[in-house]
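[1] please work out how this folds:
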Amino acid sequence: MSKLLDIQGLRVHFDTLDGPVEALHSVSLSVNQGEIMGVVGESGCGKSVTSLVTIGLATCDIDEGSIIFDGEELIHKTPEKTEKTLSILKYFSSFFTIGLLLCLFWTFFAPIQGLQASAVMLIAFTISFVSRRIIDAPRSRHEKFMRSIRGNKISMIFQEPMTALNPLYTVEKQVSEVLKQHGRLDNAETNKFLKIAKAIISPIELLVNYLRNDLKGALPIIIATLVILGIHQTNNADETIGFLASKFFLFGFSVLFVWIVGASLFPYRNNKAGDTGSIGIFENFVREKYSLLFVSWIVIIVLLWIPFGVLMTIILSVAILAIPPIQLSSYFSLDSAHRRQVVNILKEVRIPNPEAVVKMYPHELSGGMRQRVMIAMMMACEPKLLIADEPTTALDVTIQAQILNLMKDLRDREGTAIMMITHDLGVIAETCDAVTVMYAGSVVETGSLEQILGSPRMPYTIGLLHSIPRIKEAGEERVDLPIIPGQVPDPNEKFDGCRFHPRCPFADKLCRTKPPQMLEVSTGHFAACHHTDLTVDLQNAQSAFSSEEFLKSGGGN
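    The predicted model follows:
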């Protein structure tokens, strides 16, 4: 099976106020075509950073290494000399920009000298700007290449879909945007001229649909509008306002009196516990009807008080401001062919009632549905590699199982390779063909699923498996939850030897002074450890993590 993704010797660092922090230390791993590769490790081990560097979204600096995807190099390295030249040109561009502004200001006092100086500054700025673009052209081409790769040949499912989905756009808009970006949209059914015509009449269509769907609610508004216009035309607005104002106060005091009397005469049980409430049977009327009547009465009085000319000006101004956005929204709405395409994509990820879901916003969907939408977006262009960064985080167990089965089905149907990043060894066991174990920014063990979970040779992997809780058997004494003592080292901490040695029961002087190399302990099974001979017997190796002497020491020797 050929390699689809091959990462070799990847070293990256983040620039901080305390200096550079190395996040990855010579990471090497690969994903074969059609394979599900699981990447597992504790928080802070570098799993997500590795995936973000792969698709070019990481904010770190790459020191060395190579990422080959489908025969293409994904890392662009700008020579240090070129970086310095670009930095100097950027400084000069800023200087000439400020100089140009000052020279333009100078023209108010000395027009000829100011224009001459402005021309010089403009020429200097143009030369520095064009020079930057020419020198930086290789990096610009690489960024364009990476944009063509992301979402097309390589897609990524992020941990929390609510932070990845745009809350301002519907599902159909966001899924179709991915297809549009990479030229995967079907041909539109509606031509531009017909689309413009439909956009022009869309406000009328919207009003007709509103009257057709909610005539009962629209009828009082229509009648009230016609009555108000009729009163204005007959010049009876002032008399009507006086009449409504007097009746308004009379009606308000009447309702308040009836409410108080009704509350005292007709108490009712207002909760499941059977507690007697002090509010009567008129509460619903006062809450629902009286509030609406109160607001409507005030609005009618205000509309009658406004002069007719001013009222028509307001109505026309609102129409002028409201109609163009409605028409633009209609023009930029999704074509029916594109909507069907998105619906079919949602069907592939088993979203129920996709015709309704496409019109929803992310906040209207459950966690599992949002995760399915994310998977649909990422699979829309049928990528060769799907990076899933903890895709089941914050989902309940039932939804987790559905998402994992869905991803396996997509792999089986489309042949997509998957890089599954997770903390959960149960997820690894259920879905993966191969496993890579990372610790403190390094790969410490890699091999097939059976090799890693059945016969691990790196003590860290053994410690992870040992930490899985198990059900107590009948008659067995309850024991403390098994753990790996200590914690993941600070990225700033320097190590001469193995980075796991402070937490390892097998650590000795060699482990503290010499970093271990990846050794092939069996065919296709590699482990970075000086003492793989001590981890052949898995049960004995796990018992070393439970020894009282080791636990009391708080870690290794």
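[2] from now on I want contacts and neighbour counts done on CA atoms only, so please keep to that.
    Will do.
[3] ok, Q174 to K359 distance?
    Q174 is 11 Å from K359, where distance means Cα to Cα, to the nearest Å.
[4] so between those two, which is more surrounded?
    Q174 (21 against 14; other Cα atoms under 10 Å).
[5] contacts only, for the more buried one.
    In this structure, Q174 makes contact with 165-166, 377, judged by Cα atoms under 8 Å, 6 or more residues apart in numbering.
[6] buried only: go through those for me.
    165, 377 (16 or more other Cα atoms under 10 Å).
[7] could you pull out the helices in the stretch 301-450 of the chain for me?
    In the stretch 301-450 of the chain, the helices defined using DSSP state H, counting those that start in this stretch lie at 308-331, 336-348, 354-357, 367-379, 397-414, 425-431, 449-454.
[8] how about the residue nearest the centre of the chain: what's its closest non-neighbour residue?
    By Cα atoms, centre = their mean, the mean C-alpha position of the chain lies nearest to A164, the distance being 1.3 Å. In this structure, A164 finds its nearest non-sequential neighbour in F158, 6.9 Å apart by Cα to Cα, 6 or more residues apart in numbering.
[9] was I right to think the one you found contacts T392?
    No. Taking Cα atoms under 8 Å as the contact criterion, F158 and T392 are not neighbours in contact, 9.9 Å apart.
[10] with neighbour numbers in mind, choose between these two.
    Relative neighbour count places T392 above the other of F158 and T392, with 24 against 21, counting by other Cα under 10 Å.
[11] in contact with that one, which residues?
    T392 neighbours (Cα under 8 Å, 6+ apart): 159, 399-400, 403-404.
[12] could you redo the last one with a cut-off of 6 Å?
    T392 makes contacts with Q400, as judged by Cα atoms under 6 Å, 6 or more residues apart in numbering.
[13] buried residues, stretch 316-331. List them.
    For stretch 316-331, the buried set under the neighbour-count rule, 16+ other Cα under 10 Å, comprises 323, 326-327, 330-331.
[14] next one: D70 from L207, what distance?
    When distance is defined by Cα to Cα, D70 is 54 Å away from L207.
[15] neighbour count: those two, which is higher?
    Remark: of D70 and L207, D70 carries more neighbours, 16 against 11, as counted by other Cα under 10 Å.
[16] separation between that one and F92?
    Between D70 and F92 the computed distance is 40 Å (Cα to Cα).
[17] picking that back up, the residue nearest to A164 contacts D389, correct?
    Yes. Taking contacts as Cα atoms under 6 Å, F158 lies within contact range of D389: 5.3 Å.
[18] poorly predicted segments of the stretch 251-400 of the chain, please.
    The model of the stretch 251-400 of the chain has pLDDT under 70 over residues 251-295, 394.
[19] now whichever strand or helix holds V130: buried residues?
    Assigned by DSSP states H and E, V130 belongs to helix 111-135. Of the residues in helix 111-135, those buried under the neighbour-count criterion (16+ other Cα under 10 Å) are 114-115, 117-118, 120-122, 124-125, 128-129, 131-132.
[20] mind checking how far it is from the chain centre?
    Taking Cα atoms, centre = their mean, to the nearest Å, one finds the center of helix 111-135 at 42 Å from the center of the full chain.
[21] for that helix, give the mean pLDDT please.
    The average of the pLDDT scores along helix 111-135 is 93.
[22] so what touches it?
    By Cα under 6 Å, 6+ apart, the surrounding residues in contact with helix 111-135 are 89, 93, 96, 100, 103, 106-107.
[23] now, these that are in helices?
    Assignment to helices by DSSP state H places the following of the contacts of helix 111-135 there: 89, 93, 96, 100, 103, 106.
[24] save the residues you listed as TSV, and put in neighbour count and distance to D214 too.
    Rendered in TSV, the data for the ones in helices among the contacts of helix 111-135 read as follows (neighbours: other Cα atoms under 10 Å; distance: Cα to Cα, whole Å):
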residue	neighbour count	distance to D214
L89	19	64
S93	20	61
F96	20	63
L100	23	62
C103	23	64
W106	17	65
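[25] now flag whichever of those is closest to L449.
    The shortest distance between L449 and any of those, using Cα to Cα, involves L89 and amounts to 52.1 Å.
[26] identify the residues contacting the closest one.
    The contact partners of L89, taken as Cα under 6 Å, 6+ apart, are S128.
[27] if you set the cut-off to 7 Å instead, what comes out?
    Contacts were defined as Cα atoms under 7 Å, 6 or more residues apart in numbering; by that measure L89 touches 128, 132.
[28] what separation do you get for it and F129?
    Per Cα to Cα, L89 is found 8 Å from F129.
[29] just after the helix holding V130, pick out the following helix or strand.
    Where DSSP H and E defines the elements, the next helix or strand beyond helix 111-135 is helix 137-149.
[30] and that following helix, what's buried?
    Within helix 137-149, the residues scored as buried using 16+ other Cα under 10 Å are 142-143, 146, 149.
[31] gap between it and the chain center?
    Relative to the mean C-alpha coordinate of its chain, helix 137-149 is positioned 23 Å out (Cα atoms, centre = their mean).
[32] quick one, that helix and helix 111-135 angle?
    For helix 137-149 and helix 111-135, the angle between their directions (axes from the mean of the first three to the mean of the last three Cα atoms, to 10 degrees) works out to 60 degrees.
[33] packing partners for the next helix or strand along the chain from helix 137-149?
    Per DSSP H and E, helix 137-149 leads on to strand 154-157 as the next helix or strand towards the C-terminus. Applying 3 or more Cα pairs under 7 Å, 6 or more residues apart in numbering; DSSP states H and E, one finds that strand 154-157 contacts helix 367-379, strand 385-389.
[34] save the ones you listed as a markdown table, and put in distance to L510 too.
    Output for those, formatted as a markdown table (distance: least, Cα to Cα, whole Å):
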| stretch | distance to L510 |
| --- | --- |
| helix 367-379 | 46 |
| strand 385-389 | 35 |
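[35] out of those, which is closest to P138?
    Between P138 and the helices and strands packed on strand 154-157, the tightest spacing by Cα to Cα is seen for strand 385-389, at 25.3 Å.
[36] what about dumping the CA coordinates of that closest one to PDB?
    As requested, C-alpha coordinates have been extracted for strand 385-389 and formatted as PDB (Å, rounded to 0.1, in the frame of the first residue of the first chain):
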ATOM      1  CA  LEU A 385      -7.200  12.500   3.000                       C
ATOM      2  CA  LEU A 386      -9.500  13.500   5.900                       C
ATOM      3  CA  ILE A 387      -7.900  14.700   9.100                       C
ATOM      4  CA  ALA A 388     -10.300  14.200  12.000                       C
ATOM      5  CA  ASP A 389      -9.200  16.200  15.100                       C
END
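[37] ok, residues contacting that strand?
    Applying Cα under 7 Å, 6+ apart, the contact partners of strand 385-389 are 48, 153-159, 416-422.
[38] buried stuff in stretch 457-472?
    Residues 457-467 are the ones in stretch 457-472 that count as buried (16+ other Cα under 10 Å).
[39] what sits against H525?
    446-447, 451.
[40] out of the residues you listed, who has the most neighbours?
    Taking other Cα under 10 Å to define a neighbour, the member of the contacts of H525 with the most is T446, carrying 30 neighbours.
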